[in-house]
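Asks: Below are the sequence and a predicted model for it; my questions follow.
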Amino acid sequence: MDLEFNKNEDGMRLAVSLMKQRFGVISLGGGKKAIEKAREKGKMSPRERIEYLIDKGSVFTEIGAFVGYDMYKEHGGCPAGGTVAGLGYVQGRMCVIVANDNTVKAGAWFPITGKKNLRLQEIAMENHLPVIYIVDSAGVYLPMQDEIFPDKEHFGRIFRNNAQMSAMGITQIAAVMGSCVAGGAYLPIMSDETLMVEGNGSIFLAGPYLVKAAIGEDVDIQTLGGAKTHTEVSGIADYSFKTEAECLDQVKRIMSKVGSQPKMGFDRVKPEMPARPITDVYGLVSAQNNKNFDVVDVIKCIVDNSEFDQFKGTYGKTIVCGYARIDGWAVGIVANQRKIVKSGKGEMQMGGVIYNDSADKAARFIMNCNQKKIPLVFLQDVTGFMVGSRSEHSGIIKDGAKLVNAVANSVVPKITIIIGNSYGAGNYAMCGKAYDPRFIYAWPNAKIAVMGGEQAAKTLLQIQVASLKAKGEVIDPEKEKEMLKTIIDRYESQTSSYYAAARLWVDEIIDPAETRKVISEGINAANHAQDNREFKMGVFQV
C-alpha cells in the first residue's frame, strides 16, 4: 500500500473511532444513574429491551442514533431523540422497532423526537413492515410544546399514521412498560394489540395531578390507568404481565403467528464476499474529503466478488453507473467520480462535478433500472453541476433537470450513501433526502451543504465586509482574516455528518465498512412492499 493510502486509512479509522466514542455516550441515554434508577423499578433500558426482543444473533440496523446530537443544550440534551429505534428481526420477521427512552426526560417528546418517530412510521409504511412500539413516555415536553404539538408533521401525525397503517394491513403491537399520557395514550390503543406491565405500565388522558386540578378527584396512577384497570375494568388493554421479559415474550409469540405478505421479488442469489477487502475503503477515501480517488475501487470493496459491470464506461465519466450484486441482491449503482478524468476530446474534467454528458448518462441508467425493476444505490461525493458560460450554452440546466426528473419519478427503491461531499443541486440529483430514498446513510467524513465551506465563507465574508464598509468602518487585513475564520468554523460545523444526523437529514452515520450490510438490509426491507406503481417521466427538455 502507498503512503497516501496509509494516511487516508489512519484518518478514516480515527473518524470511525470518534463516531463510536460519541455513540457510546449516546447509548447511555440519560446516563448510568438514570438507568440504575429504572432498574430498581424492574425496568430494562430501551436497548436492553430491544436486545431481548430480537432474534439472537440477528442484525439490528439502528436508525437515528445521532438524532438530537448537540441540540437542546439549554434543556439538558436529548440523546438519540429520546427514542431507540431501527430494523430488527423478531421470530424471523423484519420489523420496525420503536422504544421510548424513559431515562431521557421520562421519555418526553422533544420536537426532534416527533420527527424521528414519524420517520420510523414512514419506513414502516413505505416498506410494509410490522411495527413494535415499546412505550414508556411522559408525553409532550411541555417547555417546547409549541414546536411539537399543533402542526402537520407534529405529535398528532403519529396517531394519524397509526390509523393509516392499520388500514394498509400493517401489524402494530404496543408493549406499554411505563407512562403513556395524554395524546400519547392513543398510540397503544390504535395499535392492533396492547400489552401492559403491572406496576409500571399506565395509560390515561390525564394523570393524577391534572385529575385533581380539573375535577377534584384523588386517585393513584394504577387505579387511574394501570394494567389491572385496563385489562379487568376498561378492557382497553389485551394482556397484562408481571415483568417486562414476560411482556416481550408475548410480543414474540404474537409475531410468530403473523402471516407472510407477497414480496416485490427483487432478484437475489447466494451472497458472496467482495474479492477486495471491505476495509480497504478506509485507505481509499480521505477523511477530509480533499484527495482524489477512483470510486470504482470503492465499489469493488462493497459488491459481491468485486464484480461491477459499467454502463457507458467511456462516456460521462464524472458519474459512474453500472450493475452489480450486494449481498446477493441485484443493484444498479450511480456514483460520483472524484478522480480527475479525461473527456473524449482529451480535456481534463473536474472530479465530483456533474457535467452534461454524465447527467444524461445517469438519467438513462436510472430509467433502465426502473424498466428492469432493479433497486438503485447512490454513492454521493458531489460538488454540484458544472458552471460557466460553456456549460450554460451546452444546456447544463436542461440535462440536470433530466437527471432530477428521473430520480424524482423513480419507483424502484433508492438507497443513498454519502461517502464524501454532498453540495448544492448535486445533493438533489444524486437522491438526497428531498428525493425520498428508502434509506439514506452518511460516512463520518460526509459534508452536506449548499456549497463548499471555503466558497461559502468567502461569499459571506464579502457580504459582511461590504456591509461594514457601507457603515464607514475600516476593515484591516487581520480583522478580515479573523472574520473569515469565524465564518468558516461556523459553516463547517453546520456541514458535518453529525449536524445532518442530528436533524435527520440522514438516517444514520455508519462505519464505511458497514456500507454493504446497511444496503442489503435496506433492500430486504423494501422487498416486503408490494409497489405496483408504473415508472413515468414527466415533461422535460430533450
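Replies: Happy to help now that I have it. Numbers count the residues shown, from 1 in each chain.
Asks: going forward, measure contacts and count neighbours with C-alpha atoms only.
Replies: OK.
Asks: Would you map the strands across the stretch 301-450 of the chain?
Replies: 309-311, 319-326, 329-336, 341-342, 348-349, 353-354, 376-382, 384-385, 414-423, 439-442, 447-449 (DSSP state E, counting those that start in this stretch).
Asks: how about those strands in a markdown table, adding mean neighbour count and mean pLDDT?
Replies: Converted to a markdown table, the strands of the stretch 301-450 of the chain look like this (neighbours: other Cα atoms under 10 Å; pLDDT from 0 to 100):
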| stretch | mean neighbour count | mean pLDDT |
| --- | --- | --- |
| strand 309-311 | 15 | 98 |
| strand 319-326 | 24 | 98 |
| strand 329-336 | 26 | 98 |
| strand 341-342 | 16 | 72 |
| strand 348-349 | 14 | 66 |
| strand 353-354 | 27 | 92 |
| strand 376-382 | 27 | 97 |
| strand 384-385 | 22 | 87 |
| strand 414-423 | 27 | 96 |
| strand 439-442 | 27 | 98 |
| strand 447-449 | 26 | 92 |
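Asks: For Val16, which of those is the nearest?
Replies: strand 439-442 (11.7 Å; Cα to Cα).
Asks: How far off centre is that closest one?
Replies: On the basis of Cα atoms, centre = their mean, to the nearest Å, strand 439-442 sits 5 Å off its chain's mean C-alpha point.
Asks: Save the strands of the stretch 301-450 of the chain as JSON lines, and put in distance to Asp280 too.
Replies: Formatted as JSON lines, the strands of the stretch 301-450 of the chain follow (distance: least, Cα to Cα, whole Å):
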{"stretch": "strand 309-311", "distance to Asp280": "20"}
{"stretch": "strand 319-326", "distance to Asp280": "17"}
{"stretch": "strand 329-336", "distance to Asp280": "18"}
{"stretch": "strand 341-342", "distance to Asp280": "22"}
{"stretch": "strand 348-349", "distance to Asp280": "26"}
{"stretch": "strand 353-354", "distance to Asp280": "24"}
{"stretch": "strand 376-382", "distance to Asp280": "16"}
{"stretch": "strand 384-385", "distance to Asp280": "27"}
{"stretch": "strand 414-423", "distance to Asp280": "14"}
{"stretch": "strand 439-442", "distance to Asp280": "17"}
{"stretch": "strand 447-449", "distance to Asp280": "21"}
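Asks: Ok, which of the ones you listed comes nearest Val176?
Replies: It's strand 439-442; of those, that one is closest to Val176 (Cα to Cα) at 28.3 Å.
Asks: could you say what helices and strands the closest one packs with?
Replies: Counting contacts by 3 or more Cα pairs under 8 Å, 6 or more residues apart in numbering; DSSP states H and E, strand 439-442 is packed against strand 414-423, strand 508-509.
Asks: wait, Tyr498 sits on Tyr69?
Replies: Yes - counting by Cα atoms under 8 Å, Tyr498 touches Tyr69, with 7.0 Å between them.
Asks: Ignoring the adjacent residues along the chain, who's closest to Glu126?
Replies: Nearest residue to Glu126 in three dimensions, chain neighbours excluded: Ala529, at 6.9 Å (Cα to Cα, 6 or more residues apart in numbering).
Asks: how about that neighbour, what does it touch?
Replies: Ala529 makes contacts with Glu126, Asn127, His128, Leu129, Pro262, Lys263, Met264, as judged by Cα atoms under 8 Å, 6 or more residues apart in numbering.
Asks: I'm done for today, thanks for sticking with me.
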